[in-house]
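Novice: fold the following and give me the result.
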Amino acid sequence: MLAMAVAMASPAPAATPPKTIIHVHVSPLCTGLRQNIGPAIGKVLQNDKTIADSRPLLRGYVKAVATNSASRDLQVSRIERLVTPLVKNTAAIERSIRFSAQARLGVGPAAAGDSSLPAASRRAAKGRAGRDQRFREH
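Specialist: Sure thing, here's the model as predicted:
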């Protein structure tokens, strides 16, 4: 009986907070993906949002065509405004991926440090070129 009373009277242990991660170790593969593919993924996600935003506009266009409404031209104009960002993002995606491949191979504007490319991409290419050169020297 006394053991039961002592067990019931003892306070429950306090919850300990989770440990804080202090050191992060990243593999070269993850770093390469982040530098080479990361910018392209951001543009793809922007395109996804733009396409999702176009659904109501397309519904409005279909409704205007079905009812032979005068708002059809307005709906077309609204849809056309979405085309330019999609085209620009797609071109940026292609440029980013092409640049990454050229930098990896050490050819093209990526190897020459083309100033039309984003600064982060140029820095990444210079880092990869130096690293590759060090590996070749040893």
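
Novice: just the buried residues of the helix or strand containing residue 97, please?
Specialist: Following DSSP states H and E, one finds residue 97 within helix 72-105. Neighbour-count burial for helix 72-105 flags 72, 75, 78, 82, 89, 92-93, 95-96, 99-100, 102-104 (criterion: 16 or more other Cβ atoms under 10 Å). For glycine as for every other residue, the C-beta is placed from the backbone atoms N, C-alpha and C.

Novice: run a quick neighbour tally on residue 70.
Specialist: 8 (other Cβ atoms under 10 Å).

Novice: just name the shakiest helix or strand of the chain by mean pLDDT.
Specialist: Lowest on mean pLDDT, DSSP states H and E among the helices and strands of the chain sits helix 119-137, with a mean of 50.

Novice: so how far is residue 69 from residue 45?
Specialist: Per Cβ to Cβ, to the nearest Å, residue 45 is found 34 Å from residue 69.

Novice: ok, and for stretch 59-73, which residues are buried?
Specialist: Result for stretch 59-73 [16+ other Cβ under 10 Å]: buried residues 60-61, 64, 72.

Novice: save those residues as JSON lines, and put in secondary structure, pLDDT and distance to residue 22 too.
Specialist: Shown next, in JSON lines, are the buried residues of stretch 59-73 (DSSP: H, G, I helix; E, B strand; the rest coil; pLDDT from 0 to 100; distance: Cβ to Cβ, whole Å):
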{"residue": "60", "secondary structure": "helix", "pLDDT": "93", "distance to residue 22": "53"}
{"residue": "61", "secondary structure": "helix", "pLDDT": "93", "distance to residue 22": "54"}
{"residue": "64", "secondary structure": "helix", "pLDDT": "92", "distance to residue 22": "59"}
{"residue": "72", "secondary structure": "helix", "pLDDT": "91", "distance to residue 22": "60"}
